Structures are given as structure tokens and as C-alpha cells.
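Student: here is a sequence together with a model predicted from it:
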Amino acid sequence: MAAPATEPVTPFFEMAGRALSGDPVMLRGFLAVLGAFSVRLIVAGLILAVTLWIARRLGALAEKALERLPHHQHPADKTLAVFVSTLVKYIVIAVGLVAVLQQLGVQATSILAVLGAASLAIGLALQGTLGNVAAGVMILLLRPYRAGDLVELNGRQGRVAGMDLFNTKLMGYDGLTVYLPNGKVFADMIVNISQAGRRRIELTFGVDYEDDLDLALDLLKEIAAAEPRVLQDPAPWAKVTALGDSAVTVMLRCWTKPQDYLNTGFDLTKQVKETFEARGLSFPYPHQVSIERSEARPDRVD
């Protein structure tokens, strides 16, 4: 017995044309196909609406959860919360769109393959930028510095004026604004000057071997104690640290706030010089001595 021949599937638009021309069989078939497609379309719309609602809810929950963490207490910390919230939204929407396409009868496998290949190409082209984004996320999570901190990044010192997922904005002591890529910042040593709340000043001076060393050390401590910007805890420290060729080296160590470090050190140096000279202590410095040698020539004997 021969197998029945398979009838070709009538295209949708041809079916619609024959149905509109008055063919009752085609009209019923067209209405059945249209009804099934309408149901699929309604279900797809519901899936899309639910997806968008879930995306907004999960994004808001993720943002609130990150903002409630103990180390997120600065306005700049909202950058990470907004980034994670947006990422969660897009992931949920992408999953929902795949479900919508499958509901409409579109094969999502080929579309996902094309999107995967495109994502790989874009990732390779923007690997430096994506590296900065990844480093920015780690910086915002670990918080080695915050906006307003005095830091040293990639050999540059200054105050952090702002940060995002790509760059860190640094205001240098020389008034220059430096934008440092987060990838280089995170891969190098980060020095936070402000985090401890204090910074140590070390000043060295040379006094004459004939001077009173105990007096010099006492004067260093008194000068540091009289300076209002010097912290008294830890107490100022002064010791003899070296015996040089022409001077005895004494050192003063004291602590101050990071923002007062430079000016306090400069003012202490000036005050030490004036006080030492007023109390009879001298600062040896190299002298150049010229010696004239006169030698009498012996008489020439023929």
C-alpha cells in the first residue's frame, strides 16, 4: 500500500487571501491559525510584562541591599549599587525576551548563537575597557579609598575627587587633574594617606660636636609640643641617630593630621633653626679652606 502524499503547507498570506475570497475551508483554517497566534501573542505579552516587573523589582532590591552594607556610607558608593541594579535588570530582561521569542515560535537557539559570537567579538575589542570596569567594581567593593581621601596611586599623590567604573579622578598637589584607569590603579600599589587619620613627620638636623646634645633633644620636644597641629598621642620623639663627619645628627618624630603634614613640617623646620640659634646651638656646614703654599726655589748650581 503506497503511503499518502504529504500535502504542502499553505503559506499564511495565501491562506488569508483565499479566506478573504470566500473559501469557507480556508476561512476556518485562517481563523484557527489566527486564534492560535493571538493566544501566543497574548501569552508573550504577559511574559514580557511580568519580566519587566520582575526586572524592576530585583534591580531595586539589589540596589537597596548594596546600600545597606556597612561599608557603603558615602555618596560615591552608589555607583556600584546602580551598576549591579542595572546588570540584574538586563539579565532578567534578556531571559524574558528569550522566553517571549520561543512563545512566538521563533527559534532562539540561532539568535543566542549569533549574540554569543557578537558578545565575544565585542569583549575582545573592548577587553581593556572591560578590565577597567572589573577593576572599578573591585575598588568599589573593597573600598581601598574613598572620594576626598589623600592617596598615592601609580606614583601620583593627591586627593580623590571622584570615581566611577572606568576611572579615578585625582586632584594633584600641583593643581593638575589626573584621570587614572581603574585597571592600572587596582594592579598597582595603593597608598591611602587619610585612612589612618594621622601621619608621622621625620625631621633630621645636624648639631656641632661641641654643643649640648641633651639641650638639643629637649628643645626639639618642646618645639613639637608647642605646635598646635602636632598630636600629643603618640608623644613627640627625639633621639641622636648618627655621628657624621662634621656634625651629630638628631631626629625629631611627631604625628599630625594628613592634611597638615606639609605645612607643619615646614614650620617646625623654621622654628627649630630659630630656637637652636637663640639658645647657642650651631648647625655645622662644610667650609672651603684655601691654602697658599709658597716654596723657595733652590739656587741653580751650574
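Tutor: Cool, the structure landed.
Student: all helices of this protein, in order?
Tutor: Remark: helices assigned in the chain by DSSP state H are 12-20, 24-67, 78-103, 108-125, 127-142, 182-187, 213-226, 261-278.
Student: deepest of those, which one?
Tutor: Counting by mean count of other Cβ atoms under 10 Å, helix 182-187 has the highest mean neighbour count of the helices of the chain, with a mean of 19. All C-beta spots, glycine's among them, are computed from the backbone N, C-alpha and C.
Student: what's the mean pLDDT across that helix?
Tutor: Across helix 182-187, the average pLDDT comes to 90.
Student: any idea how far it is from the middle of the chain?
Tutor: In terms of Cα atoms, centre = their mean, to the nearest Å, the centre of helix 182-187 is found 7 Å from the chain centre.
Student: what's in contact with that helix?
Tutor: Contacts to helix 182-187, defined as Cβ atoms under 8 Å, 6 or more residues apart in numbering, come from residues 128, 131-136, 138-139, 153-154, 163, 165-168.
Student: if we use 10 Å, what do you get?
Tutor: Helix 182-187 is contacted from outside by 128-140, 142, 144-145, 151, 153-154, 163-168, 170, 181, using Cβ atoms under 10 Å, 6 or more residues apart in numbering.
Student: so A235 sits right up against L252, yeah?
Tutor: No - A235 is beyond contact range of L252, at 11.8 Å (criterion: Cβ atoms under 10 Å).
Student: ok, the two, which is more surrounded?
Tutor: Using other Cβ atoms under 10 Å, the more surrounded residue of A235 and L252 is L252, with 25 against 13.
Student: got a list of what that one touches?
Tutor: By Cβ under 10 Å, 6+ apart, the residues touching L252 are 201-205, 216-217, 219-221, 223-224, 230, 236-239, 265, 268-269, 272.
Student: do I201 as well
Tutor: Counting by Cβ under 10 Å, 6+ apart, I201 touches 224, 227, 229-230, 236, 252-256, 260-262, 264-265, 268-269.
Student: for G148, see how far away it is.
Tutor: Using Cβ to Cβ, to the nearest Å, we find I201 at a distance of 22 Å from G148.
Student: burial count for A196?
Tutor: Using other Cβ under 10 Å, A196 has 10 neighbouring residues.
Student: surely it meets L231?
Tutor: No - contact between A196 and L231 fails when scored by Cβ under 10 Å: they sit 11.6 Å apart.
Student: find the residues that touch each one of those two.
Tutor: With Cβ under 10 Å, 6+ apart, A196 and L231 have common neighbours W255.
Student: low pLDDT regions in the stretch 1-150 of the chain?
Tutor: Filtered on pLDDT under 70, the stretch 1-150 of the chain yields the residue ranges 1-37, 67, 69-80, 108, 110-112, 114-115, 118-128.
Student: oh, that last question was meant for the stretch 151-300 of the chain, not what I typed.
Tutor: Using pLDDT under 70, the stretch 151-300 of the chain drops low at 286-291, 294-300.
Student: contacting residues for W237?
Tutor: Residues near W237 by Cβ under 10 Å, 6+ apart: 200, 202, 217, 220-221, 224, 251-255.
Student: try it again at 6 Å.
Tutor: Each residue near W237 by Cβ atoms under 6 Å, 6 or more residues apart in numbering is listed here: R253.
Student: for Y209, see how far away it is.
Tutor: Counting by Cβ to Cβ, the gap from W237 to Y209 is 23 Å.
Student: same question, F166
Tutor: For F166 relative to Y209 (Cβ to Cβ), the value is 59 Å.
Student: give me the domain ranges for the chain.
Tutor: 12-125, 151-192, 199-278 (automatic domain parsing).
Student: how near is the closest residue to N167 other than its chain neighbours to N132?
Tutor: Once flanking residues are discounted, N167 sits nearest to Y179: 4.7 Å by Cβ to Cβ, 6 or more residues apart in numbering. Note on Y179: its distance to N132, by Cβ to Cβ, is 11 Å.
Student: could you do F186 as well?
Tutor: F186 sits 9 Å away from N132, going by Cβ to Cβ.
Student: ok, V248 touching V207?
Tutor: Yes - between V248 and V207 there is a contact under Cβ atoms under 6 Å: 5.4 Å.
Student: between the two ends of stretch 233-249, how far is it?
Tutor: End-to-end distance for stretch 233-249: 25 Å, by Cα to Cα, to the nearest Å.
Student: buried set for it?
Tutor: The neighbour-count check on stretch 233-249 (16 or more other Cβ atoms under 10 Å) flags 236-238, 247-248 as buried.
Student: among those, which two are most distant?
Tutor: Of all pairs drawn from these, the greatest distance, 21.5 Å, lies between P236 and A247 (Cβ to Cβ).
Student: run through the bridge partners of the residue nearest to N167.
Tutor: Residues in a beta bridge with Y179, per DSSP bridges, are K169.
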